[in-house]
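Colleague: Here you go, sequence then predicted model.
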Amino acid sequence: MRIVIFFILFIAGAGSFACAQEELKPNLVIPSKKQLAYQSMEFVGFIHYNLFTFPPTIKDPEKAKWWGNEPAANFNPKGVNAEQWAKVAKEIGMRELILTVKHHDGFCIWPSAFSEYTVRESPYKSGKGDIVKEFTDACHKYGIKVGFYYSPFDAHHRDYGKPEYNNFFKNQLRELLTNYGEVSEVWFDGAAFWNGYYGGANEKRVVNRDTYYPWKEINKLIYELQPKALIFNFFGPDIRWIGNEKGVAGETCWSTITSDSLKIETGKSIFPYLAAGDPIGKEWIIGQCDVPDRPSWSWKKEDDGKVKTPQQLVDLYYRSIGRNTVFLLNVPPNIEGVFPDQDVASLKEFRSIIDETFKWNIAAGAKVTASNFRLKAAKFSPDNVTDNIDNTYWATDNDQKTASIEINTNPNSLFDRIVLQEPICLGQRISEFDIEILKDNKWQTVSKGTTIGYKRILKIDPVQCNKLRINIKRATNTPALSNVGLYKASERETIKKL
Ligand code: FUL
């Protein structure tokens, strides 16, 4: 008897497998495996800590900024605690930390063999210290990925602006990428010119950032030395700047752009393009939203008390992660070398609020129907959007670029946050949607939007309803959704005025 049942189940299983014939074809432009993993980290941290953390000796305001000749002796931290950086990052859900190993002033916080302007020349640990080593050891110990911010612009180096400088640039990268274990991201700053010291020349040097640096060779070198690393640069190749330092992505945000159409000299016009991406872009380049948790990137005494509130951070979470990008939040160690208490307190409360908001998905396991689903096959069933499994999805038949799905909601559950996700391993497809709820037998629109991508979070007024309907109104390819989540925001997201 048992054998017969097994046999029947086997035949049925094979049948449904045969039915799931026609796979959903991926777009021409899709993310790499590395990019998929990076995007799912969602939240990463920036650490601006370097010579600039210490009060400048030069008082001339013209020269005060990135002049490139502040004495190395100024770098004299008394209590660098990289383990605290990594522990806090872990606690608040940051999956990677990116440290400013060399900023515009050229000072290196590792004892680089190619520079005489480093931590070795400073009093820190009597010239025997290496902040990059302390940082990478701590990150590896706590399971936090390592990123290096490296400023290509260098106001200290005498050859800056000449071809020779690029050898120094590559030598330093080789050093950083061979001596400190696994590196997950290399972050190149956009600045390319300034008045500077330049080995004593004391002048202004201007370079064309697009053509001066040998980007192709540099990228190749990075991938050779650290195959798992992703490269952040203005226009990618892996991660792109979102076009502002406010931590805010465009409400429309495609993960695709065409980078070779972009030139920095064209100035401002590139910013909206970077923020919104391009539905017909030829490359997949993840948007990343960088922002400091205080007015400045580096710690300043006068900014104590000006740390972003947990509610402001929550707002940035919605405008970055909630708009298909990765949130890169800067936390500056103070002059001693630790994250200040007030920053840590704000970050922890922020994380606790987000965790509370997204604790209960009231749509989990809900019954879903759709106007169409691909080949009527289980693999593409609408139920897949509420099954809590990442790699399952609902998709339509090839000729259906518009479609609706309806989720049976519990009329007693209140919600005001809607999370939508596309299975981006197949590319990004949806370009317009709206959301309706069925209340008192009437459909009413509660939200609308353009792109979804990896994750889109919509805020609506709190509602209870019997059904929620998502109408895909426009798509660049057969639409698919991998997840729909409904949540009730924590009361702590907004501070009520008394
Ligand atoms: C900018 C720099 O000039 C700032 O100092 C900071 O490092 C920020 C992340 O990038 O371009």
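Modeller: Looks like it arrived, so ask away.
Colleague: Contact residues of the stretch 251-400 of the chain facing the ligand?
Modeller: 290, 297 (CB under 6 Å from any ligand atom). In short, each C-beta sits where N, CA and C put it, glycine included.
Colleague: now the stretch 251-400 of the chain, which segments are flagged as low pLDDT?
Modeller: Along the stretch 251-400 of the chain, the model assigns pLDDT under 70 to residues 263-268.
Colleague: what's the closest non-adjacent residue to the closest residue to the ligand within it?
Modeller: At 4.4 Å from the ligand, Trp297 is the closest residue in the stretch 251-400 of the chain, using CB to the nearest ligand atom. Counting by CB to CB, 6 or more residues apart in numbering, Trp297 lies nearest to His48, which is 4.3 Å off, once chain neighbours are set aside.
Colleague: Need the pLDDT of the one you found.
Modeller: With respect to pLDDT, His48 has a value of 98.
Colleague: my guess is it contacts Asn330, does it?
Modeller: Yes. With contacts counted by CB atoms under 8 Å, His48 reaches Asn330, the gap being 5.8 Å.
Colleague: overlap in contacts of these two?
Modeller: 292, 297 (CB atoms under 8 Å, 6 or more residues apart in numbering).
Colleague: since we're on Lys282, how many residues are nearby?
Modeller: Lys282 has 14 neighbours, counted by other CB atoms under 10 Å.
Colleague: Over to Lys367?
Modeller: For Lys367, the tally of surrounding residues (other CB under 10 Å) stands at 12.
Colleague: Return the distance of the closest residue to Val385 other than its chain neighbours relative to Asn388.
Modeller: Sequence neighbours aside, Val484 is the residue nearest to Val385 in space, at 4.5 Å (criterion: CB to CB, 6+ apart). Val484 sits 11 Å away from Asn388, taking CB to CB, to the nearest Å as the criterion.
Colleague: And for Asp440?
Modeller: 30 Å.
Colleague: quick one: which of these two has more around it?
Modeller: Neighbours around Asp440 and Asn388, counted as other CB under 10 Å, are more numerous at Asn388. The numbers are 13 against 7.
Colleague: Touching, the more buried one and Ala364? I think so.
Modeller: Yes. If you go by CB under 8 Å, Asn388 and Ala364 touch, sitting 5.6 Å apart.
Colleague: any idea of the mean pLDDT in stretch 478-489?
Modeller: 98.
Colleague: Please disregard the earlier target; I meant stretch 217-230.
Modeller: Taken as a whole, stretch 217-230 carries a mean pLDDT of 98.
Colleague: now do stretch 94-106
Modeller: The average pLDDT within stretch 94-106 is 98.
Colleague: chain center to it: distance?
Modeller: With CA atoms, centre = their mean, to the nearest Å as the basis, stretch 94-106 stands 15 Å off its chain's centre.
Colleague: Identify each buried residue in it, please.
Modeller: Neighbour counts over stretch 94-106 (16 or more other CB atoms under 10 Å) mark 94-106 as buried.
Colleague: Just put those in JSON lines and tack on distance to Gln39 and secondary structure.
Modeller: Converted to JSON lines, these look like this (distance: CB to CB, whole Å; DSSP: H, G, I helix; E, B strand; the rest coil):
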{"residue": "Met94", "distance to Gln39": "15", "secondary structure": "coil"}
{"residue": "Arg95", "distance to Gln39": "11", "secondary structure": "coil"}
{"residue": "Glu96", "distance to Gln39": "12", "secondary structure": "strand"}
{"residue": "Leu97", "distance to Gln39": "18", "secondary structure": "strand"}
{"residue": "Ile98", "distance to Gln39": "16", "secondary structure": "strand"}
{"residue": "Leu99", "distance to Gln39": "22", "secondary structure": "strand"}
{"residue": "Thr100", "distance to Gln39": "24", "secondary structure": "strand"}
{"residue": "Val101", "distance to Gln39": "24", "secondary structure": "strand"}
{"residue": "Lys102", "distance to Gln39": "27", "secondary structure": "strand"}
{"residue": "His103", "distance to Gln39": "27", "secondary structure": "coil"}
{"residue": "His104", "distance to Gln39": "29", "secondary structure": "coil"}
{"residue": "Asp105", "distance to Gln39": "33", "secondary structure": "coil"}
{"residue": "Gly106", "distance to Gln39": "33", "secondary structure": "coil"}
